[in-house]
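Novice: Pasted the sequence and its predicted model underneath.
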Amino acid sequence: MKKFIIAMLTYFCATASQATTISQHNVEINRIYTGYKTGEDYFSIINEVVNPSGCQNTVGSHRLYSLNPDDNDMSSALTSLVAAKSLGVTIDLQLFKDSCYSGYVKVRRIAF
């Protein structure tokens, strides 16, 4: 019974995370914008943007995504972006469906 309860809790936690995020695959980094005093970073992509929250600043040719210091390990995120850009490889992103940061799509997780 204990194993069943643990399995169910794991399932519901994973499902809850998926309900608030959406994935974008094979994303190619264009530029990385860093060094803001408030701690956030931004990056632009070559692909079309996925904008599930309708963020006002991520529209048209403004293909910028945001990394919020309250939701991300900024050092790891920046390292991943720089490595992907330097190596010329694509990344996968997990984006928040229900919120923006400074008017830009908010990234939850980076995989490469």
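Specialist: Good, I have the coordinates.

Novice: Which strand or helix spans residue 43?
Specialist: strand 41-45 (DSSP states H and E).

Novice: Downstream of that strand, the next helix or strand is which one?
Specialist: In the C-terminal direction, the helix or strand that comes right after strand 41-45 (DSSP H and E) is strand 64-67.

Novice: Just the residues contacting the helix or strand that that following strand is followed by, thanks.
Specialist: For strand 64-67, the following helix or strand on the C-terminal side (DSSP H and E) is helix 74-87. Outside helix 74-87, the residues that touch it by C-beta atoms under 8 Å, 6 or more residues apart in numbering are 29, 32, 34, 39, 41, 43, 67, 90, 91, 107, 110, 112. Just so you know, the C-beta spots here come from the backbone N, C-alpha and C atoms, and that holds for glycine as well.

Novice: distance of the first one from residue 65?
Specialist: Residue 29 sits at a distance of 10 Å from residue 65 (criterion: C-beta to C-beta, to the nearest Å).
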